[in-house]
Each structure stands twice: as C-alpha cells, then as structure tokens.
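**Student:** here is a sequence together with a model predicted from it:
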Amino acid sequence: FERQATKLEAAAKAMLARHREDDEREVTPTMRVKETQRVQRLTQDAAELRTWLATHPNDRRGPSGAIVKSNRTDNESAKMATDKGVIQGYTGVAAVDAQHQIIAAAQAYGTGSEQALLMPIVEQLTPLLAPTSLITADAGYHSKANLCALDASNIEALIADNQMRKRDERFKSQVRHKEQPTPLHNKAAKLKSPTRYQPSDFTYDAQTGTCVCPAGKSLYRHGANCRINAQDVSRFQGAKRDCVPCDKRAQCLRFPDKTATRQVAFFKPKVPTYADQLVANMRRHIDSPVGRLAYGRRFATVEPIFGNLRYHKRLNRFTLRSRDKVNGQWQLFCLVHNIEKLANLRCVA
C-alpha cells in the first residue's frame, strides 16, 4: 500500500506538470476535463491508502509478526492457492448433517488456511450436537491446536492427517494418477538431485558425543545445546584440513566450490507432549476399521453439497466484496439448498 500510494501520487504530480506545460498550448476542453478528473481520482485513491495506513498500523499481521499481503479493493479477502493458480477470494465452510444432508452451519472467511476455521464452526454446532454425534473433517483442518481444543470441549471427532491415505492399503494404486501430467498442473514427481551423504551415513555416538564422517574423519562438536524447530539437536562440523582436500566433497557438500566444510545435525529424542499424544491417538483411531468406516461417510456427506451449490446452483464464484456481503451470499445459497432438501423430504408444507 505504501508503494502504491507513492506511485499514485507520482502519477498525479506528473499529470499536473503536463497541465502546466499545456497552458501555453491550445488544448481542447474535453481533454482538459478528463485529465483533471484523472488527477482528482489518483489523488483521492492515494489519500485513501495513506489514511488506511495511518489508522491500521498493526493490521493483517501473521503468526510470525510479518505483514500479510492485503488487497486494496477488498482487504478482508485473502490470496488462495488453487490448481489454476493463486486467486483472491474467500473460503466457504459448511457443516452438514450426514443423515439428510442439511447444512447446519455455514460461514465464509477471508483466509486460505482452514486450520483456524474448525473451532468457530464447531462452536456453532455445539447446541445441535447429541451425545453420540461425531464430527469428521478433512486434512485441511488437522492441527495440534484443533485436537487440543476438541479434547478440552470433550467433542468426539475424526480429522484426517496428510499421511492418512499413504497408510491406507486401499490407496496403494493412487501413485499412477500422479504420473500423468495435466495441462494445468504436472503432478508427476520431480526429479531428485543426486544423492548426497545424509546424517544417517555419519557415525554418531550420543554417549561420547562424537561423530565420524563417511571418509573416516572426526568432526568437531559445534554446539551442544542447539535447537532447531523447537527440538534439541547436536551439531558437528568438519575441519578444513580434512574437508578441503577430501575426494568425497562432491558427494558430501551441496556446493563444493563455495562451502569449505560439512555440517551435520542429529536430533535428540523428542519428549512427546500431550498434543503429540492426541495426534497419535487420532492417527490410531482413524486407521482402525471402525474409524475408516466412519470417516468414509464424510466424502459422501459433504462433497455432494459443494457440487450442488457450484454446478446446479451456479455458485462457481463469489460475486461480492467484503466478508459481510460474501458471508450473506454464501449463507443465502446454503439456505436455498436446505429448502430444496426439506421439500424433497416432504418436511415443508
């Protein structure tokens, strides 16, 4: 926004300078009116951006504190990665009853991440849940925070993780579909770079704190109490007198011409937390025959709803701006879906 405001102001100044030059020449009134309107529009747009920047200095901050990219025309929307590229829009979330396919809760959110959208929908469903109710959600909603929140609320749920299908014998043949390229996205596996020495190729002794490289040279301890991704590690680094003349540099280093020595880190055994136990319990539950049968109903429950709204109701895109309007549009289409379902069930007069 700062760069865009500066650009608009510069464009307005350039047009004003051109006006002054045209004062000495004959210019048609129509051209002068259009240019004046253009300058006013540029100045107004730049002022709006400056005002927003002044009144919202800390808005749209991400979890790490970095600024989240905003959209000038609809700052409540978000950039979303799709199979057709990155688009600016909203995420429509719906909770559906498995028996009659009635939408019990629906909200639209301006975010591309679904993990933060689970609990708001669950809170809307809480008054409707029975003691035997089971909530199922796809892998986009799987996170430690969500599992902890569900456990604290004593709500039974099945949420798939991104490795669920790889553990399922029924999806063993899915790799053949990824080998076929498509015009929009090539799903074939990318060619891997030449294999280099991995930490498993080094001889590491946790008791003595020593490490020996594949060439038989001992590495120096390079930090005894280091942390990587909130996990304790032991780091080692080779000596220049051993690494520089080594004939295995091409197999050991990613950039042998730039990097002098090899560094390697060994993660210490991670102490499982309560959240890790919940993740393991969820994985074990969803991999059980009972869990697979219960979770298998999710696809036939909720996916036809989105198909009906998109193809039969023609809601293939949101046509409004701002979350309130988009949320109203999303809930209106969901309401039409419910009316249709109730009419087919002969539950309305």
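**Tutor:** Great, that's in hand.
**Student:** pull the helix or strand with minimum mean pLDDT from the chain.
**Tutor:** Least confident helix or strand, the chain: helix 175-178 with a mean of 63, by mean pLDDT, DSSP states H and E.
**Student:** contacting residues around residue 253?
**Tutor:** For residue 253, the contact set (Cβ atoms under 8 Å, 6 or more residues apart in numbering) comprises 196, 243, 259, 262. (C-beta placed from N, C-alpha, C; glycine too.)
**Student:** following the least confident helix or strand of the chain, which helix or strand comes up?
**Tutor:** Once the chain leaves helix 175-178, the next helix or strand it forms, by DSSP states H and E, is strand 203-205.
**Student:** give me the buried positions along the next helix or strand after that next one.
**Tutor:** Sequence-wise, the next helix or strand downstream of strand 203-205 (DSSP H and E) is strand 210-212. Buried residues in strand 210-212, counted by 16 or more other Cβ atoms under 10 Å: residue 211.
**Student:** residue 223: which of the contacts of residue 253 is nearest?
**Tutor:** Nearest to residue 223 among the contacts of residue 253, counting by Cβ to Cβ, is residue 262 at 15.0 Å.
**Student:** got the confidence number for that closest one?
**Tutor:** We have a pLDDT of 91 for residue 262.
**Student:** just the strands in this structure please.
**Tutor:** Applying DSSP state E to the chain gives strands spanning 78-82, 85-89, 91-96, 103-109, 135-137, 157-159, 203-205, 210-212, 220-221, 226-228, 231-237, 263-267.
**Student:** and the angle from the second one to strand 78-82?
**Tutor:** Between the axis of strand 85-89 and that of strand 78-82 there is an angle of 140 degrees, by axes from the mean of the first three to the mean of the last three Cα atoms, to 10 degrees.
**Student:** give me the buried positions along strand 85-89.
**Tutor:** residue 89.
**Student:** counting contacts, what elements does it pack onto?
**Tutor:** strand 78-82 (3 or more Cβ pairs under 8 Å, 6 or more residues apart in numbering; DSSP states H and E).
**Student:** hey, C-alpha coordinates of stretch 212-221 in PDB?
**Tutor:** Taking Å, rounded to 0.1, in the frame of the first residue of the first chain, the C-alpha atoms of stretch 212-221 are listed here in PDB:
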ATOM      1  CA  VAL A 212      32.800 -39.600  12.200                       C
ATOM      2  CA  CYS A 213      32.200 -38.800   8.500                       C
ATOM      3  CA  PRO A 214      32.000 -41.400   5.700                       C
ATOM      4  CA  ALA A 215      35.600 -40.600   4.900                       C
ATOM      5  CA  GLY A 216      36.700 -41.700   8.400                       C
ATOM      6  CA  LYS A 217      37.400 -38.200   9.800                       C
ATOM      7  CA  SER A 218      36.200 -37.000  13.100                       C
ATOM      8  CA  LEU A 219      34.100 -33.900  13.200                       C
ATOM      9  CA  TYR A 220      34.200 -31.100  15.900                       C
ATOM     10  CA  ARG A 221      31.300 -30.600  18.200                       C
END
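**Student:** buried sites along that stretch?
**Tutor:** So for stretch 212-221, counting by 16+ other Cβ under 10 Å, buried means 213, 215, 217, 219.
**Student:** and if you look at stretch 37-46?
**Tutor:** By neighbour count on 16+ other Cβ under 10 Å, the buried set for stretch 37-46 is 39, 42, 43, 45, 46.
**Student:** so the third one sits right up against residue 12, yeah?
**Tutor:** Yes - under the criterion of Cβ atoms under 8 Å, residue 43 is in contact with residue 12, at a separation of 5.0 Å.
**Student:** quick one: which two of the buried residues of stretch 212-221 are the most distant?
**Tutor:** The widest separation within the buried residues of stretch 212-221 (Cβ to Cβ) is 10.5 Å, between 215 and 219.
**Student:** burial measure for the nearest residue to residue 285 once chain neighbours are set aside, as a count.
**Tutor:** Nearest residue to residue 285, sequence neighbours excluded (Cβ to Cβ, 6 or more residues apart in numbering): residue 291, at 4.8 Å. The tally of other residues near residue 291 (other Cβ atoms under 10 Å) stands at 18.
**Student:** quick check, pLDDT for residue 291.
**Tutor:** pLDDT, residue 291: 88.
**Student:** sorry, back to before: the strands of the chain: which one's closest to residue 150?
**Tutor:** Nearest of these (Cβ to Cβ): strand 157-159, 5.0 Å.
**Student:** and the closest one, what does it pack onto?
**Tutor:** For strand 157-159, the elements it packs on are strand 135-137, helix 144-152, helix 274-287, helix 289-307, judged by 3+ Cβ pairs under 8 Å, 6+ apart.
**Student:** next one: stretch 217-232 to chain centre, how far?
**Tutor:** In terms of Cα atoms, centre = their mean, to the nearest Å, the centre of stretch 217-232 is found 31 Å from the chain centre.
**Student:** run through who's touching that stretch.
**Tutor:** Counting by Cβ under 8 Å, 6+ apart, 202, 209-213, 233-239, 242-243, 246, 262-265, 267-268, 270 sit against stretch 217-232.
**Student:** cheers, nothing more for now.
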